[in-house]
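In: Build me a model from this:
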Amino acid sequence: MQPGPLFIVGAPRSGTTFLCALLNTHPLIELTNECRIFAPLKNMLEVESHRPDLLAAAHRERFESFGRRTLGAWVERFYRDALGVEAPIWGDKHPAYGDPTVLSGRTGSIECMPRSGSCLRLIRDALPHARFIHIHRDPRHVANSLMRKRWAASLEDGVRVWGQYVEEITGFFDELPNQQTLTLPYRRLVEDGSATVEKIGRFLGLADASPISDFLASQHRAPTPFSDPVRDIGDLYIVPDSADADDPLLEIAGHAAVHLGYAAA
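Out: Residues are numbered from 1 along each chain as shown. Have a look, this model is predicted:
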């Protein structure tokens, strides 16, 4: 087993909540469900520290640099002491860690400009050995789900939101060693759970991943509604997954859809 911080990221409605619950069935793993601690830390370092009434200009650059180098120990103490997390593998699940507008925000599904950048590089700087799992889902499924939640005004807007998250995450993953990143298609988690859990076990160095496998098998028999709107596993396949170059939604998704195998090159 390889202890250390772990973060689950992905576009909204892509299965991050399910994966978090799945991993938390293992006694050696304890992840918070959207603690979001790195969002206010990013705001402190990159926004509030630039206010002249809060920090002198001569100290800003060194303050931010020092914060990025040392916040990791503080974050772990918060998890251990304040949250009572004892598992050797600890961390957070939060889609917005991969949102390039996490601080600048959105009005509905339309992003505000300029972009603030995501929290991913701050997490890496503070916790250099952190591992990341990106769970992704067909952009057309995500767009449908975002519309049902009224988080997107149209399917097209929903696909654009998916693309913004996925491009940010895949670009960040390209900067990390392979042993620190794992990319999982949600559909494979549902359709080929045993192989996917085996891959997760190898990535995390788990000698026994059976608690995860057992829980996943139970979900096939009786799915748990982890988020609203409640859906069962079959609801994931409203839209076909075939790589169709003529699908206008996949064209909007662009290179990210090709990179993850949802569209033909």
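In: Show me the strands in the stretch 101-250 of the chain, by range?
Out: All strands of the stretch 101-250 of the chain, identified by DSSP state E, counting those that start in this stretch, fall at 106-107, 110-111, 131-136, 181-185.
In: From Arg69, how far off is Leu249?
Out: Shown here: Leu249 relative to Arg69, a distance of 42 Å by CB to CB, to the nearest Å. The way it works is simple: take the backbone N, C-alpha and C, and place the C-beta from them, glycine included.
In: got the buried residues for stretch 80-97?
Out: In terms of neighbour count (16 or more other CB atoms under 10 Å), stretch 80-97 has its buried residues at Val85, Ala87, Ile89, Trp90, Gly91, Asp92, Lys93, His94, Pro95, Ala96, Tyr97.
In: can you list those in CSV and add secondary structure and distance to Ala58?
Out: Shown next, in CSV, are those (DSSP: H, G, I helix; E, B strand; the rest coil; distance: CB to CB, whole Å):
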residue, secondary structure, distance to Ala58
Val85, coil, 38
Ala87, coil, 42
Ile89, strand, 41
Trp90, strand, 37
Gly91, strand, 35
Asp92, strand, 34
Lys93, strand, 39
His94, coil, 34
Pro95, helix, 37
Ala96, helix, 33
Tyr97, helix, 31
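In: which of those residues sit farthest apart?
Out: Spanning the widest gap among the buried residues of stretch 80-97 are Ala87 and Ala96, at 23.3 Å by CB to CB.
In: Make a markdown table from the strands of the stretch 101-250 of the chain and add mean pLDDT, mean neighbour count and distance to Glu168 to it.
Out: Formatted as a markdown table, the strands of the stretch 101-250 of the chain follow (pLDDT from 0 to 100; neighbours: other CB atoms under 10 Å; distance: least, CB to CB, whole Å):
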| stretch | mean pLDDT | mean neighbour count | distance to Glu168 |
| --- | --- | --- | --- |
| strand 106-107 | 67 | 11 | 14 |
| strand 110-111 | 67 | 16 | 11 |
| strand 131-136 | 98 | 24 | 10 |
| strand 181-185 | 97 | 19 | 14 |
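In: right, and the ones you listed - which one's nearest Trp74?
Out: Comparison of the strands of the stretch 101-250 of the chain against Trp74 by CB to CB identifies strand 131-136 as nearest, at 19.5 Å.
In: which residues are in contact with the closest one?
Out: Residues outside strand 131-136 that contact it (CB atoms under 8 Å, 6 or more residues apart in numbering): 4-11, 14-16, 19, 98, 120, 166, 169-170, 172-173, 176, 179-186, 189, 200, 203-204, 260.
In: The residue of the chain most remote from its centre and Pro52: what is the separation?
Out: Using CA atoms, centre = their mean, the residue of the chain lying farthest from its centre is Ala58. It sits 35.3 Å away. Ala58 is 11 Å from Pro52, where distance means CB to CB.
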